[in-house]
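# Prediction below, plus the sequence it came from.
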Amino acid sequence: MISSPAKLSREHFALRIARDETVFVPLEDIAVIILNHRQITLTHPLLEACGEYGIALFSTAENGLPNGIFLPFCSFSRAPKTLRLQLSVPKPAIKRAWATIIKAKIANQAKTLALAGKNADRLFAMSNKVFSGDSTNMESQASALYFTALFGDGFNRRDNNAINAALNFGYAIFRGAIARNLVAHGLNTELGLFHHSERNAFNLADDLIEPFRPIVDLATYREIYVKNRSFGVAEKAVLVALLNVDVQTTRGNMAAINAIDFAAESLVRFYLNREETLDLPILTEIKAHFTES
């Protein structure tokens, strides 16, 4: 995240950040770049590098929230085949896949409440009552209970406050990272399982983000709600760093950014082979992933 005046350019295999001191970051180590200042300039070769290395580049509006994203063109060799498969999945299979996503979301919401020291019994029970297509609208029922339990009885997601600003920012970062991985796997982000707005270019990303949202919720609870802080640059940095926190998967613990790729892979298998077991993250705790070298 770049939060001060700077010129961004490509120098060989690195991102060059020129300001008071010039620093270099290997392009292969970057998943997302967030432009968080009005006085940032960048070069065309850097945009070319973002496409080449699969880097998602975010712009932010005057309110500091992401309002645009540059994604690489899909270089996947079988994208037309995958698109046809996305269009031909039977509705019963889609409904079962959506139920799997919602069950994982509610289970992670319950874990968030537990990690926040709040009673999570009702949400854990609700996660086991999600039927095909979420026909009983358990997602909505759980969210109504969840947000007030986490942020207080008067909390409303429509209010203009620091908590909602943080949630919106964190969700946008995960949404963009998910879209990046979906495109890399040859999937069309406009064709969702549940989300299907004709005005939304990221319907599929809005499906897959659901189990990842509680990661942002827990960090927002601890950094904004508990500490009663405003939403500024330091808080944004915390939320961007969530892409590197540990989550549990069927392959063991891994960074959230890798779990996103893992989930996208499982979605490809769903479309290609009708494998309905999606590999979705399980929230454990907010701590950075560490790999021994």
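Alright, I've got the coordinates. Numbering: from 1, shown residues only.

# Check what pLDDT the most centrally placed residue in the chain gets.
By Cα atoms, centre = their mean, the chain has its centre lying nearest to residue 174, at 2.0 Å. Each residue has a pLDDT score; the one for residue 174 is 96.

# what does the helix or strand of the chain with the lowest mean pLDDT rub up against?
Least confident helix or strand of the chain, by mean pLDDT, DSSP states H and E, is helix 79-88 with a mean of 82. Helix 79-88 has contacts (Cβ atoms under 8 Å, 6 or more residues apart in numbering) with 76, 185-188, 191, 268, 271-272. No exception for glycine: its C-beta is placed from N, CA and C like everyone else's.

# Likewise for stretch 22-36?
The contact list for stretch 22-36 (Cβ under 8 Å, 6+ apart) reads 1-3, 8, 10-11, 13-17, 42, 49-50, 52-53, 55-60, 64, 66, 173, 176-177, 180, 233, 236, 240, 243, 257.

# how distant is that stretch from the center of its chain?
Its chain's C-alpha centre and that of stretch 22-36 lie 18 Å apart, by Cα atoms, centre = their mean, to the nearest Å.

# ditto for stretch 182-197
14 Å.

# Over to stretch 60-80?
The mean C-alpha position of stretch 60-80 is separated from the chain mean by 13 Å, Cα atoms, centre = their mean.

# rewinding a little: weed out the non-buried ones from the contacts of stretch 22-36.
Neighbour-count burial (16 or more other Cβ atoms under 10 Å) is assigned, among the contacts of stretch 22-36, to 1-3, 8, 10, 14-17, 42, 49-50, 53, 55-58, 60, 64, 66, 173, 176-177, 180, 236, 240, 243, 257.

# thinking again about what came up before, residues of the helix or strand following the least confident helix or strand of the chain that come out buried?
Scanning forward in sequence from helix 79-88 by DSSP states H and E, the next helix or strand is helix 91-115. For helix 91-115, a neighbour-count test (16+ other Cβ under 10 Å) marks 94-113, 115 as buried.

# Now do the strands in the stretch 101-250 of the chain.
Remark: strands assigned in the stretch 101-250 of the chain by DSSP state E, counting those that start in this stretch are 246-249.

# Return, as residue ranges, the portions of it with sub-threshold pLDDT.
Along the stretch 101-250 of the chain, no part satisfies pLDDT under 70.

# can you map out the helices along it?
With helices called from DSSP state H, counting those that start in this stretch, the stretch 101-250 of the chain shows them at 121-127, 138-151, 162-184, 203-208, 213-220, 233-240.

# which other helices and strands contact the fourth one?
This points to helix 203-208. On a contact count with 3 or more Cβ pairs under 8 Å, 6 or more residues apart in numbering; DSSP states H and E, helix 203-208 meets helix 91-115, helix 162-184, helix 256-273.

# And those: which comes nearest residue 141?
Closest to residue 141 of those, according to Cβ to Cβ: helix 91-115, at 9.2 Å.

# Quick one: residues contacting residue 111.
Applying Cβ under 8 Å, 6+ apart, we find residue 111 in contact with 120, 214, 282-284.

# From those, list just the buried residues.
Looks like the contacts of residue 111 have 120, 214, 283 buried, using 16+ other Cβ under 10 Å.

# circling back to that earlier point, which parts of the least confident helix or strand of the chain are buried?
For helix 79-88, burial by neighbour count (16+ other Cβ under 10 Å) applies to 79, 82-83, 85-86.

# Serialize these to CSV and add fields for distance to residue 33.
Converted to CSV, the buried residues of helix 79-88 look like this (distance: Cβ to Cβ, whole Å):
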residue, distance to residue 33
79, 24
82, 27
83, 28
85, 32
86, 28
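
# Which single one of the residues you listed is nearest to residue 251?
Within those, the smallest distance to residue 251 is 22.6 Å, found for residue 82 (Cβ to Cβ).

# any idea how far residue 69 is from that closest one?
21 Å (Cβ to Cβ, to the nearest Å).

# ok, back up a step: residue 223: which of the helices and strands packed on helix 203-208 is closest?
Distance to residue 223, taken as Cβ to Cβ, is lowest for helix 162-184 among those, at 7.2 Å.

# what's the angle between the closest one and helix 256-273?
50 degrees (axes from the mean of the first three to the mean of the last three Cα atoms, to 10 degrees).

# Dump helix 162-184 to CSV, restricted to CA.
Below are the C-alpha coordinates for helix 162-184, written out as CSV (Å, rounded to 0.1, in the frame of the first residue of the first chain):
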residue,chain,number,x,y,z
ALA,A,162,-15.2,4.1,11.1
ILE,A,163,-16.3,0.5,11.6
ASN,A,164,-18.2,0.4,8.3
ALA,A,165,-15.4,2.2,6.5
ALA,A,166,-12.9,-0.4,7.7
LEU,A,167,-15.2,-3.3,6.8
ASN,A,168,-15.8,-1.8,3.3
PHE,A,169,-12.1,-1.3,2.8
GLY,A,170,-11.1,-4.8,3.9
TYR,A,171,-13.9,-6.4,1.9
ALA,A,172,-12.8,-4.5,-1.2
ILE,A,173,-9.2,-5.7,-0.8
PHE,A,174,-10.2,-9.4,-0.5
ARG,A,175,-12.7,-9.0,-3.4
GLY,A,176,-10.0,-7.7,-5.7
ALA,A,177,-7.6,-10.4,-4.6
ILE,A,178,-10.2,-13.1,-5.2
ALA,A,179,-11.0,-11.6,-8.7
ARG,A,180,-7.3,-11.7,-9.5
ASN,A,181,-7.1,-15.4,-8.7
LEU,A,182,-10.4,-16.3,-10.5
VAL,A,183,-9.1,-14.6,-13.7
ALA,A,184,-5.8,-16.4,-13.3
